[in-house]
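Below is the sequence, then the predicted model.
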Amino acid sequence: MVQVIPFKAYRYDKSKVKDLSQVVTPPYDVMKGEKVDEFQGRSEHSIAWIIKNKPEEGDTSQNNQYTRAGNLLNKWIDGGILVPDDRESFYVYGQDFKVNGKSLFRFGFIGLIKLEEFAKDVQVSKNVFKGVLQHEETFPKDIQDRLNLSRNCMAQFGQIFVIYPDHKGDVDKVLEKYMKNVPTTDITDSEGIHHRLWRIDNPEDTKMITKHMENKYVIIADGHHRYKTALALSEENPDLETAKYRMLTFVNMGNPGLVILPTHRRIQNLESFSKEKLLEQLDAHFRVVEFKSKDGMFELMDKQFEEGNHAFGLFMDDGKFYALILKNKRIMNDLLPDKSDELRGLDVAILHTLILDKTLGIDKKKLAAGSIKGGGYVSYIKGIGDAVDESIRAVEGDAQAVFFMNPTRIGEVEAVSRNFEVMPQKSTFFYPKIYTGFTQNILQKQKPK
(Lines give C-alpha, C1' and ligand atoms only; values in the text may rest on other atoms or scores of the structure.)
Protein backbone atom coordinates (compact mmCIF):
# COMPACT_ATOMS: atom_id res chain seq x y z
CA MET A 1 0.00 0.00 0.00
CA VAL A 2 1.31 3.43 -0.96
CA GLN A 3 0.36 6.06 1.58
CA VAL A 4 0.36 9.56 0.09
CA ILE A 5 -0.70 12.53 2.21
CA PRO A 6 -0.90 16.33 1.92
CA PHE A 7 1.32 18.58 4.05
CA LYS A 8 1.89 22.17 5.13
CA ALA A 9 4.70 23.23 2.85
CA TYR A 10 7.08 26.00 3.80
CA ARG A 11 7.18 28.44 0.92
CA TYR A 12 8.84 31.76 0.20
CA ASP A 13 6.87 34.76 1.47
CA LYS A 14 6.21 36.75 -1.70
CA SER A 15 6.10 40.02 0.25
CA LYS A 16 9.75 39.49 1.23
CA VAL A 17 11.01 37.58 -1.81
CA LYS A 18 9.62 39.48 -4.77
CA ASP A 19 11.03 37.38 -7.60
CA LEU A 20 10.84 33.62 -7.03
CA SER A 21 12.81 32.95 -10.20
CA GLN A 22 15.88 34.27 -8.39
CA VAL A 23 15.65 31.87 -5.43
CA VAL A 24 14.59 28.51 -6.88
CA THR A 25 17.17 26.29 -8.57
CA PRO A 26 17.69 23.05 -10.47
CA PRO A 27 18.42 19.97 -8.30
CA TYR A 28 21.66 19.90 -6.31
CA ASP A 29 23.32 17.38 -8.65
CA VAL A 30 22.86 19.68 -11.65
CA MET A 31 24.59 22.64 -10.02
CA LYS A 32 28.36 22.30 -10.22
CA GLY A 33 31.28 24.71 -10.16
CA GLU A 34 30.38 28.11 -11.56
CA LYS A 35 26.70 27.19 -11.61
CA VAL A 36 26.66 27.20 -7.81
CA ASP A 37 28.15 30.71 -7.76
CA GLU A 38 25.65 31.83 -10.38
CA PHE A 39 22.58 30.70 -8.46
CA GLN A 40 23.89 31.86 -5.08
CA GLY A 41 24.74 35.21 -6.63
CA ARG A 42 21.17 35.82 -7.72
CA SER A 43 19.85 36.33 -4.20
CA GLU A 44 20.90 36.03 -0.58
CA HIS A 45 17.79 33.88 -0.19
CA SER A 46 18.52 31.48 -3.05
CA ILE A 47 17.89 27.90 -1.97
CA ALA A 48 21.35 27.19 -3.45
CA TRP A 49 22.86 28.64 -0.26
CA ILE A 50 21.34 25.71 1.63
CA ILE A 51 21.46 22.76 -0.77
CA LYS A 52 24.98 23.62 -2.06
CA ASN A 53 26.66 25.42 0.80
CA LYS A 54 30.40 25.24 0.16
CA PRO A 55 33.16 23.94 2.41
CA GLU A 56 35.50 26.61 3.76
CA GLU A 57 39.05 26.61 5.03
CA GLY A 58 39.07 25.87 8.74
CA ASP A 59 35.84 23.88 8.74
CA THR A 60 35.37 21.55 11.70
CA SER A 61 32.83 18.92 12.71
CA GLN A 62 30.97 21.67 14.59
CA ASN A 63 31.20 24.34 11.90
CA ASN A 64 31.01 23.29 8.26
CA GLN A 65 28.97 23.56 5.08
CA TYR A 66 26.16 21.45 6.54
CA THR A 67 25.88 23.24 9.88
CA ARG A 68 25.92 26.57 8.03
CA ALA A 69 23.03 25.37 5.87
CA GLY A 70 21.05 24.38 8.97
CA ASN A 71 21.68 27.71 10.68
CA LEU A 72 20.69 29.60 7.54
CA LEU A 73 17.44 27.65 7.26
CA ASN A 74 16.57 28.53 10.86
CA LYS A 75 17.34 32.17 10.15
CA TRP A 76 15.02 32.21 7.16
CA ILE A 77 12.19 30.58 9.10
CA ASP A 78 12.63 32.89 12.11
CA GLY A 79 12.75 35.90 9.77
CA GLY A 80 9.62 34.90 7.88
CA ILE A 81 11.42 34.31 4.58
CA LEU A 82 9.99 30.78 4.53
CA VAL A 83 6.51 30.42 6.00
CA PRO A 84 4.25 27.37 6.35
CA ASP A 85 0.88 27.11 4.65
CA ASP A 86 -2.09 27.23 6.99
CA ARG A 87 -3.36 23.73 6.23
CA GLU A 88 -2.38 20.45 4.64
CA SER A 89 -2.26 20.65 0.86
CA PHE A 90 -1.15 18.95 -2.30
CA TYR A 91 0.43 21.14 -4.96
CA VAL A 92 -0.08 20.71 -8.68
CA TYR A 93 3.23 21.28 -10.46
CA GLY A 94 3.22 22.02 -14.19
CA GLN A 95 6.13 22.67 -16.55
CA ASP A 96 5.91 24.02 -20.10
CA PHE A 97 9.04 23.29 -22.15
CA LYS A 98 10.38 22.47 -25.59
CA VAL A 99 12.28 19.45 -26.88
CA ASN A 100 13.60 19.45 -30.45
CA GLY A 101 11.37 22.40 -31.23
CA LYS A 102 8.19 20.70 -29.95
CA SER A 103 6.20 22.37 -27.17
CA LEU A 104 5.22 20.05 -24.33
CA PHE A 105 3.49 20.28 -20.94
CA ARG A 106 4.11 17.93 -18.04
CA PHE A 107 2.18 18.06 -14.81
CA GLY A 108 1.90 16.12 -11.59
CA PHE A 109 1.48 16.85 -7.90
CA ILE A 110 3.71 17.42 -4.88
CA GLY A 111 2.89 15.50 -1.72
CA LEU A 112 4.37 13.27 0.98
CA ILE A 113 4.79 9.50 0.78
CA LYS A 114 5.21 7.29 3.81
CA LEU A 115 8.68 5.83 3.53
CA GLU A 116 9.09 2.13 2.95
CA GLU A 117 11.91 -0.08 1.78
CA PHE A 118 12.04 -0.74 -1.94
CA ALA A 119 9.58 -3.46 -2.97
CA LYS A 120 11.19 -6.86 -3.54
CA ASP A 121 8.27 -9.12 -4.39
CA VAL A 122 4.73 -9.12 -5.73
CA GLN A 123 1.44 -10.79 -4.97
CA VAL A 124 1.90 -13.26 -7.81
CA SER A 125 -1.57 -14.78 -7.57
CA LYS A 126 -3.18 -11.40 -8.17
CA ASN A 127 -0.27 -9.85 -10.08
CA VAL A 128 -0.62 -6.85 -7.77
CA PHE A 129 2.26 -4.40 -7.66
CA LYS A 130 2.38 -1.98 -4.75
CA GLY A 131 5.02 0.06 -3.03
CA VAL A 132 8.13 1.93 -4.12
CA LEU A 133 10.29 0.63 -6.95
CA GLN A 134 13.75 1.81 -7.99
CA HIS A 135 15.11 1.64 -11.50
CA GLU A 136 18.75 2.77 -11.26
CA GLU A 137 21.89 1.97 -9.32
CA THR A 138 23.33 4.79 -7.22
CA PHE A 139 26.69 6.08 -6.07
CA PRO A 140 27.05 5.36 -2.31
CA LYS A 141 29.30 8.31 -1.58
CA ASP A 142 26.77 10.77 -3.01
CA ILE A 143 24.20 9.54 -0.48
CA GLN A 144 26.49 10.54 2.40
CA ASP A 145 26.56 14.15 1.22
CA ARG A 146 22.76 14.44 1.28
CA LEU A 147 22.54 12.63 4.62
CA ASN A 148 24.89 15.15 6.22
CA LEU A 149 22.71 17.98 4.94
CA SER A 150 19.52 16.29 6.15
CA ARG A 151 20.90 15.69 9.64
CA ASN A 152 21.79 19.35 10.06
CA CYS A 153 18.64 20.82 8.53
CA MET A 154 16.03 18.18 9.40
CA ALA A 155 14.21 19.29 6.27
CA GLN A 156 13.54 18.21 2.71
CA PHE A 157 14.22 20.59 -0.15
CA GLY A 158 14.78 18.93 -3.51
CA GLN A 159 11.97 16.92 -5.01
CA ILE A 160 12.17 13.20 -5.63
CA PHE A 161 10.48 12.63 -8.99
CA VAL A 162 8.34 9.48 -9.22
CA ILE A 163 6.04 8.07 -11.88
CA TYR A 164 2.98 5.93 -11.28
CA PRO A 165 0.40 4.07 -13.40
CA ASP A 166 -2.99 5.75 -13.67
CA HIS A 167 -4.43 4.73 -17.02
CA LYS A 168 -7.89 6.01 -16.11
CA GLY A 169 -6.48 9.38 -15.07
CA ASP A 170 -8.32 9.41 -11.74
CA VAL A 171 -5.76 11.62 -10.03
CA ASP A 172 -5.24 13.78 -13.12
CA LYS A 173 -8.94 14.68 -13.11
CA VAL A 174 -8.52 16.25 -9.69
CA LEU A 175 -5.35 18.08 -10.72
CA GLU A 176 -6.86 19.40 -13.95
CA LYS A 177 -9.72 20.98 -12.01
CA TYR A 178 -7.26 23.13 -10.08
CA MET A 179 -5.19 24.02 -13.10
CA LYS A 180 -8.13 26.12 -14.29
CA ASN A 181 -7.42 28.50 -11.41
CA VAL A 182 -4.80 31.24 -11.21
CA PRO A 183 -1.51 29.60 -10.13
CA THR A 184 0.01 30.47 -6.78
CA THR A 185 3.45 30.37 -8.39
CA ASP A 186 4.25 31.34 -11.97
CA ILE A 187 7.84 31.79 -13.14
CA THR A 188 10.04 31.14 -16.16
CA ASP A 189 13.58 30.00 -15.46
CA SER A 190 16.77 31.00 -17.25
CA GLU A 191 16.44 28.03 -19.64
CA GLY A 192 12.98 29.11 -20.75
CA ILE A 193 11.05 26.46 -18.81
CA HIS A 194 7.75 27.75 -17.46
CA HIS A 195 6.97 26.52 -13.92
CA ARG A 196 3.54 26.87 -12.27
CA LEU A 197 2.05 25.66 -8.98
CA TRP A 198 -1.56 25.37 -7.92
CA ARG A 199 -2.54 24.59 -4.34
CA ILE A 200 -5.07 21.85 -3.51
CA ASP A 201 -6.28 22.43 0.04
CA ASN A 202 -9.90 21.26 -0.16
CA PRO A 203 -10.07 18.26 2.24
CA GLU A 204 -12.44 16.35 -0.06
CA ASP A 205 -10.00 16.58 -2.95
CA THR A 206 -6.90 15.81 -0.89
CA LYS A 207 -8.63 12.72 0.51
CA MET A 208 -9.59 11.68 -3.02
CA ILE A 209 -5.96 11.86 -4.18
CA THR A 210 -4.82 9.85 -1.16
CA LYS A 211 -7.49 7.23 -1.87
CA HIS A 212 -6.65 6.93 -5.57
CA MET A 213 -2.95 6.42 -4.80
CA GLU A 214 -3.46 3.62 -2.25
CA ASN A 215 -3.35 0.63 -4.59
CA LYS A 216 -0.67 1.92 -6.91
CA TYR A 217 3.09 1.57 -7.10
CA VAL A 218 5.54 4.36 -7.77
CA ILE A 219 8.86 4.17 -9.61
CA ILE A 220 11.60 6.60 -8.72
CA ALA A 221 12.41 8.46 -11.93
CA ASP A 222 14.94 10.89 -10.44
CA GLY A 223 16.13 11.08 -6.85
CA HIS A 224 17.30 7.62 -5.77
CA HIS A 225 19.99 9.19 -3.58
CA ARG A 226 17.48 11.40 -1.81
CA TYR A 227 15.06 8.54 -1.19
CA LYS A 228 17.82 6.39 0.32
CA THR A 229 18.90 9.40 2.36
CA ALA A 230 15.36 9.75 3.73
CA LEU A 231 15.29 6.06 4.67
CA ALA A 232 18.58 6.42 6.53
CA LEU A 233 17.44 9.57 8.35
CA SER A 234 14.20 7.86 9.37
CA GLU A 235 16.15 4.93 10.81
CA GLU A 236 18.26 7.36 12.82
CA ASN A 237 15.14 9.08 14.20
CA PRO A 238 12.65 6.27 14.94
CA ASP A 239 10.55 8.41 17.29
CA LEU A 240 10.18 11.35 14.90
CA GLU A 241 6.92 10.86 12.99
CA THR A 242 7.66 13.51 10.35
CA ALA A 243 10.88 11.70 9.39
CA LYS A 244 8.79 8.74 8.24
CA TYR A 245 7.61 10.73 5.21
CA ARG A 246 9.33 12.16 2.15
CA MET A 247 8.29 14.99 -0.19
CA LEU A 248 7.86 13.79 -3.79
CA THR A 249 6.56 14.98 -7.14
CA PHE A 250 4.22 12.36 -8.63
CA VAL A 251 3.60 12.17 -12.41
CA ASN A 252 1.28 9.78 -14.22
CA MET A 253 3.18 7.47 -16.61
CA GLY A 254 0.62 8.32 -19.25
CA ASN A 255 1.34 12.04 -19.12
CA PRO A 256 2.07 13.22 -22.70
CA GLY A 257 4.82 15.51 -21.40
CA LEU A 258 6.80 12.68 -19.81
CA VAL A 259 10.08 12.71 -21.75
CA ILE A 260 13.31 10.73 -21.35
CA LEU A 261 16.43 12.04 -23.07
CA PRO A 262 19.71 10.11 -23.49
CA THR A 263 22.73 10.35 -21.22
CA HIS A 264 26.00 9.95 -23.09
CA ARG A 265 29.22 8.44 -21.67
CA ARG A 266 32.59 10.19 -21.93
CA ILE A 267 35.60 7.93 -21.34
CA GLN A 268 38.69 9.30 -19.63
CA ASN A 269 41.75 8.40 -17.52
CA LEU A 270 42.31 4.91 -18.97
CA GLU A 271 46.01 4.05 -18.67
CA SER A 272 46.27 2.15 -21.94
CA PHE A 273 43.80 3.28 -24.59
CA SER A 274 44.12 2.48 -28.28
CA LYS A 275 41.63 3.69 -30.90
CA GLU A 276 42.68 0.98 -33.30
CA LYS A 277 42.40 -1.79 -30.72
CA LEU A 278 38.98 -0.57 -29.58
CA LEU A 279 37.59 -0.61 -33.13
CA GLU A 280 39.03 -4.07 -33.69
CA GLN A 281 37.40 -5.38 -30.51
CA LEU A 282 34.06 -3.73 -31.27
CA ASP A 283 33.96 -5.34 -34.70
CA ALA A 284 33.46 -8.73 -33.04
CA HIS A 285 29.98 -7.81 -31.80
CA PHE A 286 28.97 -4.70 -33.72
CA ARG A 287 28.56 -3.62 -37.29
CA VAL A 288 30.75 -0.53 -37.38
CA VAL A 289 29.70 2.19 -39.85
CA GLU A 290 31.98 5.19 -40.44
CA PHE A 291 30.77 8.75 -41.03
CA LYS A 292 32.53 12.01 -41.69
CA SER A 293 30.02 13.97 -39.63
CA LYS A 294 27.97 13.46 -36.48
CA ASP A 295 24.73 14.02 -38.42
CA GLY A 296 25.04 10.80 -40.40
CA MET A 297 25.88 8.88 -37.24
CA PHE A 298 22.84 10.18 -35.36
CA GLU A 299 20.53 9.60 -38.32
CA LEU A 300 21.50 5.92 -38.41
CA MET A 301 21.16 5.68 -34.61
CA ASP A 302 17.66 7.17 -34.82
CA LYS A 303 16.67 4.73 -37.57
CA GLN A 304 17.92 1.75 -35.57
CA PHE A 305 16.08 3.02 -32.49
CA GLU A 306 12.80 3.27 -34.38
CA GLU A 307 13.28 -0.27 -35.67
CA GLY A 308 13.91 -1.59 -32.15
CA ASN A 309 17.59 -2.34 -32.70
CA HIS A 310 20.54 -1.54 -30.43
CA ALA A 311 22.90 1.14 -31.71
CA PHE A 312 25.47 3.53 -30.27
CA GLY A 313 27.61 6.38 -31.53
CA LEU A 314 31.34 6.72 -30.99
CA PHE A 315 33.81 9.58 -31.42
CA MET A 316 37.56 9.28 -30.70
CA ASP A 317 39.11 12.35 -32.34
CA ASP A 318 40.35 10.52 -35.41
CA GLY A 319 38.35 12.59 -37.87
CA LYS A 320 35.50 10.06 -37.98
CA PHE A 321 32.21 9.29 -36.28
CA TYR A 322 31.11 5.69 -35.86
CA ALA A 323 27.69 4.08 -35.52
CA LEU A 324 27.83 0.74 -33.70
CA ILE A 325 24.97 -1.67 -34.39
CA LEU A 326 24.75 -4.82 -32.26
CA LYS A 327 24.92 -7.94 -34.44
CA ASN A 328 23.43 -10.52 -32.09
CA LYS A 329 21.64 -9.55 -28.88
CA ARG A 330 21.81 -13.15 -27.63
CA ILE A 331 25.35 -12.37 -26.46
CA MET A 332 23.73 -10.65 -23.47
CA ASN A 333 22.22 -13.97 -22.32
CA ASP A 334 25.76 -15.23 -21.72
CA LEU A 335 27.02 -12.02 -20.14
CA LEU A 336 24.04 -11.48 -17.80
CA PRO A 337 22.56 -14.96 -17.29
CA ASP A 338 20.91 -14.06 -13.99
CA LYS A 339 19.08 -11.00 -15.36
CA SER A 340 15.71 -10.69 -17.07
CA ASP A 341 15.22 -10.35 -20.81
CA GLU A 342 13.97 -6.82 -20.17
CA LEU A 343 17.19 -5.74 -18.49
CA ARG A 344 19.46 -7.60 -20.94
CA GLY A 345 17.69 -5.80 -23.78
CA LEU A 346 18.50 -2.30 -22.55
CA ASP A 347 20.91 -0.22 -24.60
CA VAL A 348 22.53 1.01 -21.41
CA ALA A 349 23.01 -2.56 -20.12
CA ILE A 350 24.62 -3.57 -23.43
CA LEU A 351 26.92 -0.55 -23.37
CA HIS A 352 27.99 -1.00 -19.74
CA THR A 353 28.43 -4.76 -19.94
CA LEU A 354 29.72 -5.47 -23.43
CA ILE A 355 31.67 -2.26 -24.12
CA LEU A 356 32.64 -0.53 -20.88
CA ASP A 357 33.29 -3.67 -18.80
CA LYS A 358 34.27 -6.46 -21.19
CA THR A 359 36.02 -4.33 -23.81
CA LEU A 360 37.47 -1.34 -21.95
CA GLY A 361 37.84 -2.93 -18.50
CA ILE A 362 35.68 -0.33 -16.73
CA ASP A 363 33.90 -2.59 -14.27
CA LYS A 364 31.51 -1.62 -11.47
CA LYS A 365 34.37 -0.77 -9.12
CA LYS A 366 35.90 1.63 -11.62
CA LEU A 367 32.49 3.12 -12.39
CA ALA A 368 32.03 3.80 -8.68
CA ALA A 369 35.24 5.86 -8.72
CA GLY A 370 33.21 8.61 -10.36
CA SER A 371 30.20 10.42 -8.96
CA ILE A 372 27.74 13.17 -9.73
CA LYS A 373 30.63 15.53 -8.97
CA GLY A 374 32.70 14.09 -11.80
CA GLY A 375 36.02 12.30 -11.89
CA GLY A 376 36.71 8.62 -12.44
CA TYR A 377 36.79 6.83 -15.75
CA VAL A 378 33.33 7.76 -17.03
CA SER A 379 31.59 11.15 -17.10
CA TYR A 380 27.86 11.34 -17.76
CA ILE A 381 26.70 13.90 -20.31
CA LYS A 382 23.00 14.74 -20.37
CA GLY A 383 21.68 14.89 -23.93
CA ILE A 384 20.30 18.41 -23.97
CA GLY A 385 21.47 21.71 -25.46
CA ASP A 386 25.02 21.63 -26.81
CA ALA A 387 26.03 18.54 -24.79
CA VAL A 388 27.03 16.63 -27.92
CA ASP A 389 29.37 19.37 -29.13
CA GLU A 390 30.80 19.75 -25.61
CA SER A 391 31.52 16.03 -25.52
CA ILE A 392 33.27 16.19 -28.87
CA ARG A 393 35.40 19.12 -27.70
CA ALA A 394 36.30 17.20 -24.54
CA VAL A 395 37.59 14.27 -26.60
CA GLU A 396 39.53 16.68 -28.76
CA GLY A 397 41.03 17.84 -25.47
CA ASP A 398 42.00 15.35 -22.78
CA ALA A 399 39.18 12.78 -22.83
CA GLN A 400 39.66 9.57 -24.82
CA ALA A 401 36.27 8.76 -26.33
CA VAL A 402 32.58 9.45 -26.06
CA PHE A 403 29.77 6.95 -26.58
CA PHE A 404 26.47 8.46 -27.68
CA MET A 405 23.21 6.84 -26.57
CA ASN A 406 19.61 6.60 -27.67
CA PRO A 407 17.09 7.30 -24.86
CA THR A 408 15.60 4.65 -22.61
CA ARG A 409 11.88 4.15 -23.16
CA ILE A 410 9.25 4.67 -20.43
CA GLY A 411 8.04 1.12 -20.99
CA GLU A 412 11.54 -0.22 -20.39
CA VAL A 413 11.78 1.66 -17.08
CA GLU A 414 8.49 0.16 -15.95
CA ALA A 415 9.32 -3.37 -17.11
CA VAL A 416 12.72 -3.51 -15.39
CA SER A 417 11.35 -1.96 -12.20
CA ARG A 418 8.49 -4.47 -12.06
CA ASN A 419 11.11 -7.23 -12.21
CA PHE A 420 12.67 -5.68 -9.07
CA GLU A 421 15.87 -5.04 -10.96
CA VAL A 422 17.91 -1.87 -11.39
CA MET A 423 19.49 -0.39 -14.49
CA PRO A 424 23.08 0.88 -14.55
CA GLN A 425 23.51 4.35 -13.06
CA LYS A 426 22.46 7.33 -15.17
CA SER A 427 20.30 5.18 -17.47
CA THR A 428 17.60 7.81 -17.76
CA PHE A 429 17.40 11.58 -18.03
CA PHE A 430 13.86 12.72 -17.37
CA TYR A 431 13.54 16.20 -18.82
CA PRO A 432 12.98 18.82 -17.57
CA LYS A 433 14.34 18.52 -14.04
CA ILE A 434 12.04 19.13 -11.08
CA TYR A 435 13.13 22.44 -9.57
CA THR A 436 14.07 22.93 -5.92
CA GLY A 437 12.68 25.63 -3.64
CA PHE A 438 9.00 25.88 -4.50
CA THR A 439 8.03 23.81 -1.43
CA GLN A 440 10.07 22.68 1.58
CA ASN A 441 9.07 20.01 4.07
CA ILE A 442 10.37 20.86 7.54
CA LEU A 443 10.71 17.79 9.74
CA GLN A 444 11.92 19.44 12.91
CA LYS A 445 13.02 22.95 13.86
CA GLN A 446 16.69 22.88 14.73
CA LYS A 447 18.07 24.44 17.91
CA PRO A 448 20.67 27.20 17.43
CA LYS A 449 24.21 25.85 17.37
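Yep, that arrived.

Does anything pack onto the strand ranked longest in the chain? Which helices or strands?
When the chain is parsed with DSSP state E, its longest strand is strand 102-114. On a contact count with 3 or more CB pairs under 8 Å, 6 or more residues apart in numbering; DSSP states H and E, strand 102-114 meets strand 4-5, strand 90-99, helix 170-178, strand 245-252. Any C-beta I mention is one placed from the backbone N, CA and C, and that applies to glycine too.

Tell me which strands the last one pairs with, and in which orientation.
Going back to what we said before, that points to strand 245-252. Here strand 245-252 is paired, per DSSP bridges, with strand 102-114 (antiparallel), strand 160-164 (parallel).

tilt between that strand and helix 170-178?
Inter-element angle recorded for strand 245-252 and helix 170-178: 90 degrees (by axes from the mean of the first three to the mean of the last three CA atoms, to 10 degrees).

what does the helix or strand following strand 245-252 contact?
Note on strand 245-252: by DSSP states H and E, the next helix or strand toward the C-terminus is strand 259-261. Applying CB atoms under 8 Å, 6 or more residues apart in numbering, the set of residues contacting strand 259-261 from outside is 99, 104, 106, 382-384, 407-410, 413, 428-431.

Which ones among these map onto helices?
Using DSSP state H, 410, 413 are the members of the contacts of strand 259-261 that sit in helices.

Number of residues surrounding residue 208?
Residue 208: 16 surrounding residues under other CB atoms under 10 Å.

didn't it look like it was pressed against residue 175?
No: contact criterion CB atoms under 8 Å: residue 208 and residue 175 do not qualify, at 10.7 Å.

Burial check on residue 241, number of neighbours?
Residue 241: 10 neighbours (other CB under 10 Å).

about what we covered before: tell me the buried residues within the contacts of strand 259-261.
Buried members of the contacts of strand 259-261, scored by 16 or more other CB atoms under 10 Å, are 104, 106, 383, 384, 407, 408, 410, 413, 428, 429, 430, 431.

Double-check the fifth one against residue 258; I have them as touching.
What that stands for is residue 407. No: Residue 407 lies out of contact with residue 258 (CB under 8 Å); the separation is 11.8 Å.

Domain-wise, how is the chain divided?
According to automatic domain parsing, the chain comprises the domains 4-259+432-442, 263-406.

Let me have these in JSON lines, extended by distance to residue 421 and mean pLDDT.
Output for those, formatted as JSON lines (distance: least, CB to CB, whole Å; pLDDT from 0 to 100):
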{"stretch": "domain 4-259+432-442", "distance to residue 421": "8", "mean pLDDT": "93"}
{"stretch": "domain 263-406", "distance to residue 421": "5", "mean pLDDT": "92"}
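
thinking again about what came up before, tell me which of the strands paired with strand 245-252 sits most buried.
Per residue and on average, the most neighbours among these fall to strand 160-164, with a mean of 24 (mean count of other CB atoms under 10 Å).

before we move on, back to that, the domains of the chain: which one's closest to residue 420?
Set against residue 420 and scored by CB to CB, those come closest in domain 4-259+432-442, at 5.6 Å.

quick revisit: looking at the helices and strands packed on strand 102-114, which is buried most?
Taking mean count of other CB under 10 Å, strand 245-252 is the most buried of the helices and strands packed on strand 102-114, at a mean of 25.

And for it, what's in contact with it?
4-5, 7, 9, 93, 106-115, 156, 159-166, 169, 171-172, 213, 218, 221, 223, 226-227, 230, 258, 434, 439-441.

again, only using 7 Å
Applying CB atoms under 7 Å, 6 or more residues apart in numbering, the contact partners of strand 245-252 are 93, 106, 108-115, 156, 159-164, 166, 169, 171-172, 218, 227, 230, 258, 434, 439, 441.

again with stretch 395-402
264-268, 270, 273, 314-317, 391-392.

Next, the distance between the ends of it.
7 Å (CA to CA, to the nearest Å).

Check stretch 262-270 too.
24 Å.
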